[in-house]
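**Q** Got a sequence here, can you model it:
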Amino acid sequence: MTPSARIAATVALVADVAAAPRRPADATANAFFRERRYIGSGDRRAVAERAWGILRQKLRLDWHIARFNLPPTPRLLVMAHLLLAEGWTKEGVLQGFPGGRFNAGPPDPGEMAVINALAGTPLAPPEMPEGIALNLPDWALGGYRARFGAELPAAAAAMDQAAPLDLRANLLRGTREQAAAALAAEGIPTEPMGYSPWGLRIPDRRPILASKAFTDGLVEIQDEGSQLIALLTGAKPGMRVVDYCAGAAGKTLAVAAMMANRGRIIACDVSATRLEGAVKRLRRAGVDNAERHLLTAGDRWVKRRAGQFDCVLVDAPCTGAGTWRRNPDARTRTTARDRDELVTKQREILDHVAELVRPGGRLVYATCSVLPEENGMQVEAFLSRHAGYEAVPLAEAWAAVMPGIPAPCPGPWLELAPHSHGTDGFFAAVLRRKG
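**A** Residues are numbered from 1 along each chain as shown. Have a look, this model is predicted:
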């Protein structure tokens, strides 16, 4: 594809994302490229990276465009991004919209006015409002400020960057060293992670799904923070464990490896599609001690299994406010109403599953958010309602699974962030049912 044809494809992809505002952008992009199999891998990567850059900067781009009393059309978003984020000149942008077959048409008068005004303008000028300058939506700014305090600018800047590709060595198939060697033999260099004993990080983005190490189940794609949540379950061979909000079973896979395929782990979710998608992953990883359970309205599964489990992991549905470097569209796809509804749902889930844990067992509550109302505040409220539970300090829970190695952060909970740990923004609390 020519550079201008890539720009035209980017406009089309951004338009598809805008047409489905409640659908995750990665799902839209997958459908977009499936319908255009003629786009080669290099062009596909270039188009996707530019589109993701636009989604990442959309709050700022919208602000610039709004000053011209124009809607942020896909064309204007691409033009503004080229000028403000990629540093293109006015002449370069005009060459990128030449018209003709396979190209985007030339700017209309309104677009031309925007191009003339934005050429040479900084992405975040001094007059830009604080939240937009930090690239944080209004509904999340207060939570970010409460979580990070003086570190807010650094935390926001790190959330602006693209996420690395993290892998977890599957101990059911081999060691981390064996996984690293297998990947290196395929020309994929990795680095061991600083916190996860199973983690490998690929310094630059490379295709991994077609590698033999992945297809053989030797590695799984999983952010280091997510791996640490699985680690804090303290799962051991012979235990009975529930992954209550399992999704496609990413943490189920990690916990099953900790259990060496001995004992039982039950992956629960409200989505049959996600649970069906887990089957292939479980089979590839060599997991045979896991079963799936679809949660439905009026389901009495929890009541019938009260007090039967050594550990219940609740990776709760949340705003995903810690994963915006990986899912940049969620900044504008999620609203304050969504956050409030999710906080209510988190509370209901915690109250519902509390009876599953046996006396002396543990309940691990986790989110991929950095907002206090979804994290520490949620846990403290749970403890105030459930006198039969107590918090296990992070230092104690960490020492039990990583003896002799300091915990990643101080305080009672696991609280991770890109600027301080190089992971996505994750939270986890370990709670123990009193015996």
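**Q** Show me which residues of stretch 162-173 are buried.
**A** Using 16 or more other CB atoms under 10 Å as the burial criterion, the residues of stretch 162-173 that qualify are Ala163, Pro164, Leu165, Asp166, Leu167, Arg168, Ala169, Asn170, Leu171, Leu172, Arg173. Just so you know, the C-beta spots here come from the backbone N, C-alpha and C atoms, and that holds for glycine as well.
**Q** and the residue nearest the centre of the chain, which of the three is it?
**A** Taking CA atoms, centre = their mean as the criterion, Thr323 is the residue nearest the geometric centre of the chain, at 4.0 Å. With DSSP: H, G, I helix; E, B strand; the rest coil as the basis, Thr323 sits in coil.
**Q** Let's see which of the buried residues of stretch 162-173 end up in strands.
**A** Among the buried residues of stretch 162-173, the subset assigned to strands under DSSP state E consists of Leu165, Asp166, Leu167, Arg168, Ala169.
**Q** per-residue confidence at the residue nearest to the first one when sequence neighbours are not counted?
**A** Right, Leu165. Leaving aside its chain neighbours, Leu165 sits nearest to Ile202 (4.4 Å; criterion: CB to CB, 6 or more residues apart in numbering). Note for Ile202: predicted pLDDT of 93.
**Q** What distance do you get for the residue nearest to the centre of the chain to Val430?
**A** The gap separating Thr323 from Val430 is 22 Å, by CB to CB, to the nearest Å.
**Q** One more: Pro153?
**A** From Pro153 across to Val430, the span is 31 Å (CB to CB).
**Q** More neighbours: which of the two?
**A** Applying other CB atoms under 10 Å to Pro153 and Val430 shows that Val430 carries more neighbours, namely 26 against 13.
**Q** Contact partners for that one?
**A** For Val430, the contact set (CB atoms under 8 Å, 6 or more residues apart in numbering) comprises Leu232, Gly234, Arg362, Leu363, Val364, Ala391, Val392, Leu394, Ala397.
**Q** Who does the host helix or strand of it pair with, and is each partner parallel or antiparallel?
**A** For Val430, the host element (DSSP states H and E) is strand 427-433. Strand pairing for strand 427-433, using DSSP bridges, gives strand 357-367 (antiparallel), strand 389-392 (antiparallel), strand 414-415 (antiparallel).
**Q** Ala140 reaches Pro372, doesn't it?
**A** No: in terms of CB atoms under 8 Å, Ala140 does not count as a neighbour of Pro372; the distance is 11.2 Å.
**Q** neighbour count winner among the two?
**A** With neighbours defined as other CB under 10 Å, Ala140 and Pro372 compare such that Ala140 has more, 22 against 17.
**Q** Distance check, that one against Ala182.
**A** Counting by CB to CB, the separation of Ala140 from Ala182 is 40 Å.
**Q** looking at it, the residue nearest to Leu165 is touching Pro189, isn't it?
**A** Yes: at 7.3 Å, Ile202 counts as touching Pro189 under the criterion of CB under 8 Å.
**Q** The two: which is more packed in?
**A** Set Ile202 next to Pro189 and count neighbours by other CB under 10 Å: Ile202 wins out with 17 against 12.
**Q** OK, contacts around the more buried one?
**A** Pro164, Leu165, Asp166, Leu167, Ile188, Pro189, Thr190, Glu191, Ile208 are the contacts of Ile202 under CB under 8 Å, 6+ apart.
**Q** Could you measure from the second one over to Gly100?
**A** Using CB to CB, Leu165 is found at 37 Å from Gly100.
**Q** cool, Ala391 as well?
**A** 64 Å.
**Q** Neighbour count: these two, which is higher?
**A** Legend: neighbour count by other CB under 10 Å for Ala391 and Gly100, higher for Ala391 (17 against 11).
**Q** Can you name the residues bridging to the more buried one?
**A** Leu431.
**Q** Report pLDDT for it.
**A** Per-residue pLDDT puts Ala391 at 98.
**Q** Would you agree it is in contact with Phe382?
**A** No: the criterion here is CB under 8 Å, and Ala391 misses it with Phe382 at 9.7 Å.
**Q** any shared contact partners between these two?
**A** Taking CB under 8 Å, 6+ apart as the contact rule, Ala391 and Phe382 both touch Leu431.
**Q** part of a helix, is Glu127?
**A** No: per three-state DSSP, Glu127 lies outside any helix segment and is coil.
**Q** quick one, phi psi at it?
**A** Main-chain dihedrals, Glu127, degrees, to the nearest 10: phi -80, psi 0.
**Q** which residues of the stretch 301-435 of the chain fall in helices?
**A** 301-304, 330-333, 336-353, 376-385, 394-401, 418-421 (DSSP state H, counting those that start in this stretch).
**Q** Could you do the stretch 51-200 of the chain as well?
**A** Here the stretch 51-200 of the chain has its helices, by DSSP H, counting those that start in this stretch, at 58-66, 74-84, 90-96, 109-118, 130-133, 138-148, 152-159, 176-185.
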